[in-house]
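Peer 1: Got a sequence here, can you build the structure:
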Amino acid sequence: MFLLPKDCYQVKTTKKKGLGVFARKEIPAGTLIGDYVGLVIKDEEIDGLEKKYNDACYSIDYASEGLSIFPVDIKAPGVHLLNHSCAPNCDTYFYYGHNLFFALRRILPGEELTLDYSFDPDVREGLLHACYCGSPNCRGTMYASDNTALRFGAFCDRQTKGQKFKIQKPGTVLAPLGHYPKMIKDFSNFNLFANIKVKSLVCGDRKIPAMSELRRRLRQSGRALRFKNLGLTIWAIADGRIMATK
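Peer 2: From the prediction side, this is the model:
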């Protein structure tokens with residue numbers, strides 16, 4: 001289910017990935033993209049359902065171990081149509097049992113909205129979920145590393161502490177929430193990748209700013225940061241490290 005106004009996005013066919021979601025207007029950092037509502041299923045049902053749709057990756061973890069969410073209608077517009085990228089511009093925020101999709105940074109008109117699927121490394125299936133996103137940091141797979149999975153799990157535990165909600169039973173359709181946060185703030189756990197297809201934001205600093213300031217600029221502009229006095233262009237902050245080119 002999209003939470004964006006209809007005039008902010010469009011669903012269209014991509015060259016290699018089937019359907020995808022694209023921005024029609026600028027989407028500010030922290031904007032809610034949608035809520036992954038659908039049918040609550042047992043994890044052992046996933047393979048059968050996805051094979052039915054040509055091995056498309058349409059399931060997402062639910063709030064309880066052993067349960068997932070699957071779209072009621074895969075042909076209907078919804079956030080299940082966001083494709084994978086190793087340098088995504090969207091991510092998920094767990095909120096009272098729901099997976100909310102949001103903009104990691106400013107998304108420019110014409111950009112495809114993408115998500116790092118970060119499949120569980122404990123259930124790797126060879127090259128079934130290989131990645132060909134073409135980003136500079138493409139890891140060649142949609143699976144997360146063991147360290148990334150552990151770090152993300154710990155972050156989610158902290159994030160959802162104190163949230164009380166009723167876990168729905170398999171066969172139940174997860175309904176939309178009655179209230180959603182206005183926006184999602186920045187957390188250092190989220191990796192930030194600039195849109196490297198557009199002009200960099202020129203910065204006149206004579207030394208590299210603090211990490212918090214770098215994140216603020218990258219998040220708010222959506223562009224790589226070119227420090228002209230340092231001969232350096234920062235295009236990502238991932239896993240607590242700065243990614244840059246000279």
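
Peer 1: What residues of the worst-scoring helix or strand of the chain on mean pLDDT count as buried?
Peer 2: Every helix and strand of the chain was ranked by mean pLDDT, DSSP states H and E. The lowest is helix 146-159, at a mean of 82. Residues of helix 146-159 classed as buried: T148, A149, F152 (neighbour count, 16 or more other CB atoms under 10 Å). C-beta: built from backbone N, CA, C; applies to glycine.

Peer 1: And the contacts of that helix?
Peer 2: Applying CB atoms under 8 Å, 6 or more residues apart in numbering, the set of residues contacting helix 146-159 from outside is Y93, F94, S118, D120, P121, D122, A144, F187, N189, D239.

Peer 1: Now tabulate these in a markdown table and tack on secondary structure and neighbour count.
Peer 2: Shown next, in a markdown table, are these (DSSP: H, G, I helix; E, B strand; the rest coil; neighbours: other CB atoms under 10 Å):
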| residue | secondary structure | neighbour count |
| --- | --- | --- |
| Y93 | strand | 19 |
| F94 | strand | 16 |
| S118 | coil | 18 |
| D120 | coil | 11 |
| P121 | helix | 15 |
| D122 | helix | 8 |
| A144 | coil | 19 |
| F187 | coil | 12 |
| N189 | coil | 15 |
| D239 | coil | 12 |
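
Peer 1: Identify the farthest-apart pair in the residues you listed.
Peer 2: Farthest apart among the contacts of helix 146-159 by CB to CB are D122 and F187. That separation is 24.2 Å.

Peer 1: Now do the SS call for the residue nearest the centre of the chain.
Peer 2: Centroid-nearest residue in the chain: D91, 2.6 Å away (criterion: CA atoms, centre = their mean). With DSSP: H, G, I helix; E, B strand; the rest coil as the basis, D91 sits in strand.

Peer 1: so it bridges to which residues?
Peer 2: D91 has these beta-bridge partners by DSSP bridges: F102.

Peer 1: State the pLDDT value of it.
Peer 2: pLDDT recorded at D91 is 96.

Peer 1: Convert the C-alpha atoms of the least confident helix or strand of the chain to CSV, please.
Peer 2: C-alpha atoms of helix 146-159 as CSV (Å, rounded to 0.1, in the frame of the first residue of the first chain):
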residue,chain,number,x,y,z
ASP,A,146,26.3,-12.2,8.6
ASN,A,147,27.6,-9.0,10.3
THR,A,148,25.0,-6.8,8.6
ALA,A,149,22.2,-9.2,9.5
LEU,A,150,23.3,-9.3,13.2
ARG,A,151,23.7,-5.5,13.4
PHE,A,152,20.3,-4.9,11.7
GLY,A,153,18.6,-7.3,14.0
ALA,A,154,20.0,-5.6,17.1
PHE,A,155,18.9,-2.2,15.7
CYS,A,156,15.3,-3.5,15.1
ASP,A,157,15.2,-4.9,18.7
ARG,A,158,16.1,-1.4,20.1
GLN,A,159,13.7,0.3,17.7
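
Peer 1: what packs against the helix or strand just after it?
Peer 2: Next along the chain after helix 146-159, taking DSSP states H and E as the criterion, comes strand 192-193. On a contact count with 3 or more CB pairs under 8 Å, 6 or more residues apart in numbering; DSSP states H and E, strand 192-193 meets helix 211-221, strand 232-238.
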